[in-house]
Each structure stands twice: as structure tokens, then as C-alpha cells.
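J.: When you get a sec, could you give me coordinates for this:
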Amino acid sequence: MTKITVSIIKADVGGYPGHATVHSDLITIAQNELKSAVKDRLITDFHVLGVGDDLQLIMGHDKGTNNSEIHELAWNTFMKATKVAEKLKLYGAGQDMLANAFSGNIRGMGPGVAELEFTERKGEPIVAFMMDKTEPGAFNLPIFRMFADPFNTAGLIIDPSLHEGFRFEVWDILKHKKVFLNAPEEIYDLLALIGSKSRYVIKRVFPKEGKLPKDEAVAAISTEKLYQIAGEYVGKDDPVALVRAQSGLPALGEVLEPFSFPHLVSGWMRGSHNGP
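T.: Here you go, the predicted model:
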């Protein structure tokens, strides 16, 4: 079977007003660009959103992850939106665009990226999460609770297809190293890392045993750090995530429930505080 890919790529290209929302003209530009990409059969479908002052591009395609054509489409879309943001004198126009020209992959150029490539099931519930005014580690606790906390996800106890648990890919975003940890066997080691949310970040989650392919991630989180790319503080990272649900995975309610608890995250206005 042909695999499909869902990509969510975001960038702050100008806030309206301040760092509050995305101007409707920027949404329209992005929609027009992605409509053209559908006509050219580069992508199969899309959805454009604004979350806080971040322009969010959600795209479905068959090109796989880290595809240069898809990433260039997003880059060009953000650059065109930046030009309009400059004409409108929006705040922080082009803030996340930290390179002068596209170089084959949008990672490390400012925008945040989360992508999943997988074999599509008969029904494929997938949830896109988007955060503003915080860092990638803000997803650590919710993702952990979805896939490793039986008090949140009862399926880990009663559903045979979830009972073996999941495998977490955790990145040290300062030293650019990664480790794979299994839950529930290595749950304490996992918690020891992801509790330091400004350094250790869950990047992907994989199934272990069951009816889903073990090499196909079921959750992905953007881990780009703007200050590391730019060499100075230029804003929060405003991460995004994709999570698949149901039928061998946490139910939709189990995916959403972790966000009902107001755990503390870093960021807020000016990137200066911790808050719920």
C-alpha cells in the first residue's frame, strides 16, 4: 500500500496586532499558494490556520517526510506572506525566516516542522496541535500521558493492541543527540529526561507490538530552537505536533485529556516566564 504523509509547517511571519493573531491577508495568500499546489498535484489537500501570530500550513501528500518540494512550497509561501506583512507593517514581519534563500530542507531555517508518514487505515483520525508563546518541551507531559500514563489512557490496560506500550524518541536539543526509550519498561528513565523540558524533548512516538507497523511514527513534534539557529533570542519556538488516534492507538478522548491539566510551560509574553 502507498504511504501518505501529513506535514504541518508553521512560521511567524507577522502578527496583527503585536504578537496576537495572523492577518486575514496572510491566510488568503497561503490558501492560494496551496490551492495551486493541489492543482499541480504536489499535495493532495491542505488546511491553513492561524494560531496566535503563527501561520500554520497543514498538508497531505505522498512525498514522504523531509521532502524538498514540500518544504520549498512552505518556504515560498511564508516568504510571499512576509512581503505582504511588510507592506501592512505587521509586527515582527518575517520573524521566523532566518535564512535568505531555501537550501533544500526547511529544517534549521526558522519554521517549525512536524511530519508523519504512515500506511493509512480504513479510518485515520489525526489531531494537529499548535502552540504559541512556548517551547517544544511544552509537549513533553501531554505526549507522555497520551502514550504512557495508564491513569490517562485506560487503553494501555484493557486494549491488547496498546498493552505492550510505546517507544519514545527523545532528543537532547543542546547536544543534538537522541535516545529511544521504551514504556513502560524504561518509564523512570524517560521521565528523568523529559522533566528537563528545555533540553530534552520528545520528537516521535512509535508503536512496539500490535497491528501497526513498528517503523511508522504515531506522533511527531517539532523541536526547532530559534535561538540556536539565529544565535540570539528572536522569539519563542511555538511548536506543533501531529498525533494519530484510535484503533491500536489512544482514543481521541485519551489524546485530548492531557491538555485539561494546566501544567507549567516556559515562554509566555517575552519568553520570560513559566505559566499554565
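
J.: Next, the buried residues of stretch 33-48.
T.: By neighbour count on 16 or more other C-beta atoms under 10 Å, the buried set for stretch 33-48 is 33-34, 37, 42-43, 46, 48. To be clear about C-beta, it is placed using only N, CA and C from the backbone, and glycine gets the same treatment.

J.: can I get these in TSV with distance to F261 and secondary structure?
T.: Output for those, formatted as TSV (distance: C-beta to C-beta, whole Å; DSSP: H, G, I helix; E, B strand; the rest coil):
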residue	distance to F261	secondary structure
E33	38	helix
L34	35	helix
A37	38	helix
L42	40	coil
I43	35	coil
F46	32	strand
V48	30	strand
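
J.: Find the pair from these with maximum spatial separation.
T.: L42 and V48 (15.4 Å; C-beta to C-beta).

J.: Tell me how many other residues surround F118.
T.: Using other C-beta atoms under 10 Å, F118 has 18 neighbouring residues.

J.: make that L88, sorry
T.: Using other C-beta under 10 Å, L88 has 14 other residues around it.

J.: Same question for the one 10 residues further on.
T.: Other residues within reach of L98, judged by other C-beta under 10 Å, total 17.

J.: Can you tell me the element it falls in?
T.: Using DSSP states H and E, L98 falls within no helix or strand.

J.: Can you read off the backbone torsions of the nearest residue to it once chain neighbours are set aside?
T.: In this structure, L98 finds its nearest non-sequential neighbour in G110, 3.7 Å apart by C-beta to C-beta, 6 or more residues apart in numbering. G110 adopts backbone torsions of phi 130, psi -50, taken as degrees, to the nearest 10.

J.: Tell me who's in contact with A245.
T.: Neighbour list for A245: 125-127, 251-252, 254-255 [criterion: C-beta atoms under 8 Å, 6 or more residues apart in numbering].

J.: cutoff 10 Å now
T.: 123-127, 146, 218-219, 251-256 (C-beta atoms under 10 Å, 6 or more residues apart in numbering).

J.: Same question for S24.
T.: Here S24 is in contact with 16, 50 (C-beta under 10 Å, 6+ apart).

J.: Need the phi and psi values for it.
T.: phi -60, psi -30.

J.: Now do it against L90, distance only.
T.: Distance, S24 to L90, using C-beta to C-beta, to the nearest Å: 12 Å.

J.: Pick out the most distant pair among the contacts of A245.
T.: Farthest pair in these, by C-beta to C-beta: G123 and M146, 18.5 Å.

J.: And the two? Which one has more around it.
T.: Legend: neighbour count by other C-beta under 10 Å for G123 and M146, higher for M146 (28 against 8).

J.: show me the contacts for the more buried one.
T.: With C-beta under 10 Å, 6+ apart, M146 has these contacts: 127, 139, 152-153, 156, 166, 205, 218-219, 243, 245, 249-251, 254-259.

J.: Cross the residues you listed against strands and list the overlap.
T.: Among the contacts of M146, the members found in strands (DSSP state E) are 127, 166, 205, 219, 243.

J.: Show me the strands in the stretch 151-276 of the chain, by range?
T.: Ranges of strands within the stretch 151-276 of the chain are 166-172, 177-183, 200-207, 219-221, 240-244, 265-267, 273-275, based on DSSP state E, counting those that start in this stretch.

J.: Redo those strands as TSV? Include mean neighbour count.
T.: Below are these laid out as TSV (neighbours: other C-beta atoms under 10 Å):
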stretch	mean neighbour count
strand 166-172	21
strand 177-183	16
strand 200-207	23
strand 219-221	28
strand 240-244	24
strand 265-267	20
strand 273-275	12
